[in-house]
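Enquirer: Kindly generate the corresponding structure for this input.
(chains A and B)
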Amino acid sequence: MATKKQKTESKPIRARIAPSPTGALHIGTARAALFNYLFAKKNKGKFILRIEDTDLERSDLRWTQDIIEGLKWLGIEWNEGPDIGGEFGPYKQTQRIDIYEKYLQQLLNEDKAYYCFCTEEELEDKRQEQMSRGLAPKYDGKCARLPKEIIEKKLSGKIPSVIRFRVERPKGHSKVKFNDLIRKEVEFDTALMGDIVIAKNLKTPLYNFAVVVDDFEMQISHVIRGEDHIANTPKQILMQEALGFDTPQYAHLPLILAPDRSKMSKRYGSVAISEYKEQGYLPEALVNFMVLLGWNPGTEKEFFSLSQLAKEFSIEKVQKAGAVFNIARLDFLNGFYIREKPIEKLTELCVPYLKKAGLLVVGQASEHKLEKIVEVSRSRMKKLSEISELSDFFFEDKLRYDKNLLKWHDPKGTMGDGEVGDSLEFSKKILSEIKTWDIKTLEEKLFAASEKFNAEKGYPIQNKGYLLWPLRVALSGKQFSPGPFEIADILGKEKTLKRIEDAIKLI
RNA sequence: GGCCCUAUCGUCUAGCCUGGUCCAGGACGCGUGCUUUUCAAGCAUAAAACCCGGGUUCAAAUCCCGGUAGGGCCA
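Expert: Predicted coordinates for the structure are as follows:
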């Protein structure tokens, strides 16, 4: 049994995230980035962003931008990587082709890798055959010992080929072990692995090989990544051995699962960070939510800012089992952070949604008024996007609603048309007499009026609904809304009285 | 199919290493109540879990063995 020495004690801590720009920043990638970032912060190390764009067909610059923007939006900052000085520098794989070629050539020269000319069909047939015999599908080594002249001939004859890495360990030492920071010891048997394809050609390295080279070149000390990479680890360790590189410390994070416990995918809602942003989730909420999927400090604390996390995070406390994505919890956290936000900030964040809904026309509402509108709506908001349906009646001139909505359902029955009319007339009279139009005065006068009204009508004195419910509906046109004082205060006297008159006409 | 990983309330989890304080704690969600003109928010409160089977031990969620289930990776 050979255990690869993992000497990282003296080396500086360097963690990294290496997304492929083949799609928008995925929530799983973002969470892995977060954990790497927190680990680096906590241990006074560096966090590096590297773009793995070797897959030219599927890589696109716009996804690189999406990844960069998403991470920044979340507040996850990198010490090294693209965006520094506006250049990608060496943090993009396509700019590092020469480096891969050098190491590829080295492996070829040392006969630790070889050219393979097997065709897809050939391999597929063998795979099927192996599986039907109950064996692990692995490369049978057909091209492993080809004579030099044959290789030369096929190569110059432009026969399609790939480069394979020799998975060879001395007899009795076929096991590869590594000590995972989260899962403790993990062991694989290399005897079960076939020789791995590491490049399509000298200029086109494949994932497993490129990562090994990149992590070495960038002196990555800790590789913290998703559990889906766990089976890649022994292969990478083997290549590190062949290349004479030190093995970094590994930590494999549990996966984020869909409600049916399968790997999180688009089928179950948004998977892209940009979509969460668009829907009106706050980065604070997303960060808090993501970190709690698979980690917790062991205390009963559950609200964390990024900077608190940077102090309290510990990789050892990361969970081993996958965590189901629970949107209700995200919504709860988002609501919490919406309620926490300073009102100026929250208003600023709501403006785009109001504009999009066509409610806010430039110059229509003063900043002060907007803040008040957001303030009275915020406790009902789970996402920023909800601001428009919550506050649309503030912006509309003519409200449309069913007149029956004006009727208060008291414990004994429902108000009749006449009763509603009386109630509204009463409110109108009281309100039209008010000189100082502020929320405090409105509340005082209306509460006093309610008692007076109930006494006159013979309603139970304490039941304010007889006066306040029809009023509130007249002002909002909605079954659920902020209170009538809050709305009246924002609307102003003129509009308030106008809406009451509209309601009287309606009934 | 092979290999690997995992397993505490519906969900996220604490506890497990260092057995007893755990008839298992917190949070989300759900129920109820308070507050209340409505809905939220807030506060209070209930229901809800140690995958199964053996073993070790005076004592196991915690240690050991064996199952089972789920997931991931190989194409």
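Enquirer: show me the contacts for the residue of the stretch 351-500 of chain A found nearest RNA strand B.
Expert: Nearest residue of the stretch 351-500 of chain A to RNA strand B: residue A:483, at 2.4 Å (C-beta to the nearest atom of the strand). The way it works is simple: take the backbone N, C-alpha and C, and place the C-beta from them, glycine included. By C-beta atoms under 8 Å, 6 or more residues apart in numbering, residue A:483 lies in contact with A:468, A:472.
Enquirer: Please enumerate the helices of the stretch 201-350 of chain A.
Expert: Along the stretch 201-350 of chain A, counting by DSSP state H, counting those that start in this stretch, helices occupy A:207-217, A:233-243, A:273-279, A:283-292, A:306-312, A:327-340, A:343-356.
Enquirer: want to throw these into JSON lines with mean pLDDT and distance to residue A:366?
Expert: Putting these into JSON lines (pLDDT from 0 to 100; distance: least, C-beta to C-beta, whole Å) gives the following:
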{"stretch": "helix A:207-217", "mean pLDDT": "95", "distance to residue A:366": "54"}
{"stretch": "helix A:233-243", "mean pLDDT": "95", "distance to residue A:366": "59"}
{"stretch": "helix A:273-279", "mean pLDDT": "96", "distance to residue A:366": "27"}
{"stretch": "helix A:283-292", "mean pLDDT": "97", "distance to residue A:366": "28"}
{"stretch": "helix A:306-312", "mean pLDDT": "95", "distance to residue A:366": "34"}
{"stretch": "helix A:327-340", "mean pLDDT": "97", "distance to residue A:366": "22"}
{"stretch": "helix A:343-356", "mean pLDDT": "95", "distance to residue A:366": "11"}
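Enquirer: okay if I get those helices as JSON lines plus distance to RNA strand B and mean neighbour count?
Expert: Output for the helices of the stretch 201-350 of chain A, formatted as JSON lines (distance: least, C-beta to the nearest atom of the strand, whole Å; neighbours: other C-beta atoms under 10 Å):
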{"stretch": "helix A:207-217", "distance to RNA strand B": "9", "mean neighbour count": "22"}
{"stretch": "helix A:233-243", "distance to RNA strand B": "9", "mean neighbour count": "21"}
{"stretch": "helix A:273-279", "distance to RNA strand B": "16", "mean neighbour count": "19"}
{"stretch": "helix A:283-292", "distance to RNA strand B": "5", "mean neighbour count": "22"}
{"stretch": "helix A:306-312", "distance to RNA strand B": "13", "mean neighbour count": "15"}
{"stretch": "helix A:327-340", "distance to RNA strand B": "3", "mean neighbour count": "17"}
{"stretch": "helix A:343-356", "distance to RNA strand B": "14", "mean neighbour count": "17"}
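Enquirer: So, low pLDDT: which residues of chain A?
Expert: A:1-10, A:84-87, A:134-136, A:362-365, A:411 (pLDDT under 70).
Enquirer: Could you chop it up by domain?
Expert: By the assignment in automatic domain parsing, chain A contains the domains A:2-88+A:207-254, A:99-205, A:266-339, A:343-395, A:403-506.
Enquirer: hey, which of these is tucked in deepest?
Expert: domain A:2-88+A:207-254 (a mean of 19; mean count of other C-beta atoms under 10 Å).
Enquirer: Distance from it to the middle of the chain?
Expert: Relative to its chain's centre, domain A:2-88+A:207-254 lies at 18 Å (C-alpha atoms, centre = their mean, to the nearest Å).
Enquirer: can you pull out the strands in the stretch 301-450 of chain A?
Expert: Applying DSSP state E, counting those that start in this stretch to the stretch 301-450 of chain A gives strands spanning A:323-324.
Enquirer: Residues of it that sit close to RNA strand B?
Expert: For the stretch 301-450 of chain A, the residues in contact with RNA strand B (C-beta under 7 Å from any atom of the strand) are A:302, A:317, A:319-324, A:326, A:328-329, A:331-332, A:335-336, A:339, A:379-380, A:408.
Enquirer: cutoff 6 Å now
Expert: Along the stretch 301-450 of chain A, the residues adjacent to RNA strand B under the rule C-beta under 6 Å from any atom of the strand are A:302, A:317, A:319-324, A:326, A:328-329, A:332, A:339, A:379-380.
Enquirer: and residue A:230, what does it touch?
Expert: Applying C-beta under 8 Å, 6+ apart, the residues near residue A:230 are A:180, A:186, A:252.
Enquirer: Could you list which of those residues also contact RNA strand B?
Expert: Applying C-beta under 6 Å from any atom of the strand to these, one finds that residue A:186 fall near RNA strand B.
Enquirer: ok, the contacts of residue A:230 vs RNA strand B, which is closest?
Expert: residue A:186 (4.4 Å).
Enquirer: Could you verify that that closest one is part of a helix?
Expert: No - under DSSP: H, G, I helix; E, B strand; the rest coil, residue A:186 falls outside any helix and is assigned strand.
Enquirer: That one pairs with what?
Expert: Following DSSP bridges, residue A:186 is listed with bridge partners residue A:178.
Enquirer: That one reaches residue A:176, doesn't it?
Expert: No - Residue A:186 lies out of contact with residue A:176 (C-beta atoms under 8 Å); the separation is 9.1 Å.
Enquirer: Find residues that contact each of these two.
Expert: With C-beta under 8 Å, 6+ apart, residue A:186 and residue A:176 have no common neighbours.
Enquirer: roughly how far is the helix ranked longest in chain A from the heart of the chain?
Expert: Ranked by residue count, the top helix of chain A under DSSP state H comes out as helix A:439-457. Offset of helix A:439-457 from its chain centre (C-alpha atoms, centre = their mean): 49 Å.
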